[in-house]
Structures are given as C-alpha cells and as structure tokens.
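> Turn this into a model:
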Amino acid sequence: MKIPEARGPLSSALFTALSVTAGTGDATTRVEELRRLVTGELVGTTDVIGDDDVQLALFCLYELHYSGLEGVSDDWEWEPGLIQVRRLLERPFEEALRAAAQSAAGELDLPPAAEMTSDAVADVLFGLAGTDTGPSVSRYVAKKASLDQLKEFLIHKSVYQLKEADPHTWAIPRLTGRPKAALVEIQADEYGGGRPDRMHSALFARTMRGLGMDDQYGAYVNAVPAISLAAVNMMSLFGLNRRLRGAITGHLALYEMTSSRPNRLYGNGFRRHGFDTGVTHYFDEHVEADAVHEQIAGRDLAGGLVEAEPGLLGDVLLGATAAMAIDGRISTHLLACWENGETSLRAAVPAAA
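Got it, this is the predicted structure:
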C-alpha cells in the first residue's frame, strides 16, 4: 500500500520515522520522538475511535504486518520501539471498543460460562444479531442510493474487502481442534477454495472495476473517515493479539450472521442501476456462502472455543458486540451524510465525482 497523506502530528511523525532505515541511530531517535508524541497526544483525545490521526497511524502500523507500505523496509515490522508505539495506541482503542461493546450488549442474562454448550453460545450470538436494529445502509442502497453513493459505499468497504478474511486468519494458529477446523473451513471459502479468481477480495475488486474505480488495495485510504479505518483496526487488534482470540472469533461469527440478507439488498441496489453479475457477483456469493458460514462460525468456531475454553466467553461476546457497535456508527455516519445530500468521504475523489 502507498503511504497515505498524514492526518495530524502522530501519522506525520510515524511516516517520518518510517522514511529512514530501521535499526539505525536515526531511526531510534525518531521512534522515541514518536513515542513521546503519542503519549502526549492521547491525553487530549476524547474519541479515540473517531480520531483521524490515531486511526490512520494505527492502520499503517498494522499494515506492516500485512502486505507492508511502499518504500518502507520490512525490517520495521518487528522494530521494538515501533511495537511499543503500537501498544500505546492499542490500549485506549481497546478500552473504547470495550465501552462501545458494553453499550451495544445491554444486559445479557447468561448462565455460567462453564455450562455454555456450543449450541447455547450460538443461540446467544444469533440473539444478539437479531437485536441489531440500527440504521440500515443495505435498505438504503437497495432502494435509494445514487450511483455516486454506490461508489462511496464501495470506497468505505474497500479498506477491508480488498484484503477480506486476512485479519481473521491470524487466529488459525491460536486455535486447536474443532474451532480451528471450523475457521479453516470458513477461510478456505473466503480465499476461493484455491482458485485466485474466486477469492472474495478478487470478486470485490471486480465489482470496483465494473464501476470504473481503482481496485488497488489502499487506493482510497485518504478518502475514508476514521470510523471506516477503526472497523479494520478492530479486526487487526483482535486478530494479532493472541489474548483476544476469543474476540476475533466472536467478531467473525457476528459478521457472518449479519451478512447474508444485507448482501442480497446490496446486490439489488446495484442491479437497480443496471449492473449485471460482473458487478453483483461479490454480493450474490455472500448471500449463499454466509448462510452456511453463520452456522459454522456460531456453533463450531465460537461455540466450540467456549466449550474448550469457558473463560473466553466474555471475549467472544466482546468481539460480537464491538462489531455491532462500530457497524452502527458507520451506518449512522453514511446515512446522515447521504440523506442530507452530502458526501460521506473526507474529500471528493474522482471515482465518486
């Protein structure tokens, strides 16, 4: 991914540090300056989730663990000082996610975790998915969205969908037995069953090309607001930290449980504008795939994990309810902008003009 434009002092200092050779005295000095800056800036941040500078810096730090940043040496990935900076940013972000998740969950009346069967865990997660009554972007896309708004919708989703499934894959070596097998089964489908052209990220790229958009990963990072970056950062936080393996499984389970019907509506929205299966295939594929995945993710993955490790029930619910909270915040942002005739992006881009 190309290094995006800085959004404040944190991301600016990060990109300055990454411009020098890792492991040198100059690099150490710049990372220490970044660490002090992060400590100072976070004191004055009242909304970490919606802070453009914090979320962009965290997004780029995580990107070092995925496909990297253009012109940045791979040696930076495990540079100790930079990992420390990432942890300084992760702590308040995780706290904010936990607070948002608690608000989204309400009061859950659950039996002791040790008594929760895999079916019971799945029932709780399906119940949570059924209580999600927030604003519906999918209904708006199906019935009202203009062509420009469809393009904006794709821009927001592209930050994750062009590397779809990768954050959840971090959990595979952290699991064993039944939940591990379940996650591998789901991910195999996400990656096209061994066929590169059927990978879900490739299908999404095809949708973008069908609308004349840039399908390169990260092409629109400069355009999306902090909340869209936060949604991806949440997955990376849960996936990259072994202690949060329960949260990433809960996130995936909720993600699959709330995907099938919205994707049908998304496809209808693009068909309403005259697009054929070359554009809608991505959404149509998820209507069928996620109807199967939701059962595997709920019972065998999340439920199987809680049966094996009852102490992780709280984290499974954290992942699910945090996903609901962030999705609701994104939906509120999109619909508020669109219904007022405004762009949902930070700045106009050619693909959405």
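
> so where is this structure shaky, pLDDT-wise?
Flagging of the chain using pLDDT under 70 yields the residue ranges 106-107, 109, 111, 132-134, 348-353.

> so what's H200 up against?
Q161, E164, A165, E190, Y191, G192, Y282, E285, H286 (Cβ atoms under 8 Å, 6 or more residues apart in numbering). Bear in mind the C-beta positions are built from the backbone N, C-alpha and C, glycine included.

> count of residues packed around the third one?
What it means is A165. Neighbours of A165 under the rule other Cβ atoms under 10 Å: 19.

> following the helix or strand hosting A57, which helix or strand shows up next?
Following DSSP states H and E, one finds A57 within helix 52-63. Following helix 52-63 in sequence order, the next helix or strand is helix 80-105 (DSSP H and E).

> moving C-terminal of that next one, what's the next helix or strand?
Using DSSP H and E, the first helix or strand after helix 80-105 is helix 118-130.

> if we can go back for a sec, now flag whichever of the contacts of H200 is closest to A230.
Lowest distance from A230 to these (Cβ to Cβ) belongs to Q161, with 15.7 Å.

> next one: phi and psi at the residue lying closest to the closest one once chain neighbours are set aside?
Once flanking residues are discounted, Q161 sits nearest to F204: 4.2 Å by Cβ to Cβ, 6 or more residues apart in numbering. Main-chain torsions, F204, degrees, to the nearest 10: phi -70, psi -40.

> Just give me the neighbour total for F204.
Neighbours of F204 (other Cβ under 10 Å): 24.

> who's in contact with it?
K157, S158, Q161, L162, E164, Y282.

> Just give the nearest non-adjacent residue to the first one, would you?
It stands for K157. F204 (7.3 Å).

> circling back to that earlier point, for E115, see how far away the residue nearest to Q161 is.
41 Å (Cβ to Cβ, to the nearest Å).

> rewinding a little: distance between the helix holding A57 and the chain's centre?
Here the centre of helix 52-63 is set off from its chain's centre by 13 Å, with Cα atoms, centre = their mean, to the nearest Å.

> any idea of the angle that helix forms with helix 80-105?
120 degrees (axes from the mean of the first three to the mean of the last three Cα atoms, to 10 degrees).

> Packing partners of helix 52-63?
In this structure, helix 52-63 makes packing contacts with helix 9-18, helix 25-43, helix 80-105, helix 226-240, judged by 3 or more Cβ pairs under 8 Å, 6 or more residues apart in numbering; DSSP states H and E.

> Since that was my last question, I'll sign off now.
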